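>>> structure of the sequence below:
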Amino acid sequence: MTEQGQPVTGGVTAAPAPRAQKLALQGVANGVVRGLLRAPVLSRFAGERLVTLYVTGRKSGKQFTIPVAYTRQGKDLLIGSPFGWGRNLRTGEPLTIRLKGRLRQADVRVMLDEAEVVAAYETMVRDNKAFANFNKIGFDAEGNPNPDDLRAAWQAGARAFRLTPR
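Next comes the predicted model:
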């Protein structure tokens, strides 16, 4: 087993299948959401749960505009994703975001280790049931996130990020 609990077969690490899957029309949906988040009046409502990230590819230099759900934690925004764009974010490198219609800079802190990612995901799924469903994280009878599902999300490559808007 690797550090993240992934099986090793014949010297090759077998990564678990991602838990969160892109939707069939993800590009179309993201385009609509990006438009809502740019509109002055609508962004106040859509921006209660969504922020747009302007991510530059580390190798390609290509600009990606990604709407993602966030959870407020004090002045910070918690976001999580298992998708590849997250590898372009680095602790200490500022990021441009659009929060409630305004372009701003945000300081980034990347969380990769199991304890931090699981704790951040637990906070996010308690706050946002759609995020829980998207990441296939269930709840017990008392409404607590399933710890095995949280750990499985991390094992499948989930990362968490703390953004501190300036």
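>>> where do the helices sit along this structure?
26-38, 42-46, 114-127, 129-134, 147-155 (DSSP state H).
>>> which of those helices has the lowest mean pLDDT?
For these, mean pLDDT drops lowest on helix 42-46, to a mean of 58.
>>> packing partners of the top strand by length along the chain?
Looking across the chain with DSSP state E, the single longest strand is strand 102-111. Packing partners of strand 102-111 (3 or more CB pairs under 8 Å, 6 or more residues apart in numbering; DSSP states H and E): strand 95-99, strand 159-165. (Glycine included, C-beta is placed from N, CA and C.)
>>> the shortest one pairs with which strands?
Strand pairing for strand 95-99, using DSSP bridges, gives strand 50-56 (antiparallel), strand 102-111 (antiparallel).
>>> buried stuff in it?
95, 97, 98, 99 (16 or more other CB atoms under 10 Å).
>>> ok, stretch 76-92 next?
76, 77, 78, 79, 80, 81, 82, 83, 86, 88, 89.
>>> touching, the fourth one and residue 66? I think so.
By that I understand residue 79. No. Contact criterion CB atoms under 8 Å: residue 79 and residue 66 do not qualify, at 9.6 Å.
>>> joint contacts of the two?
The overlap between the contact sets of residue 79 and residue 66 (CB atoms under 8 Å, 6 or more residues apart in numbering) consists of residue 53.
>>> deepest-packed of the strands paired with strand 95-99, please.
Highest mean neighbour count among the strands paired with strand 95-99 (mean count of other CB atoms under 10 Å): strand 50-56, with a mean of 19.
>>> tell me, how many residues neighbour the residue lying closest to residue 137 once chain neighbours are set aside?
Closest residue in space to residue 137, ignoring its immediate chain neighbours: residue 149 at 4.2 Å, by CB to CB, 6 or more residues apart in numbering. Using other CB atoms under 10 Å, residue 149 has 18 other residues around it.
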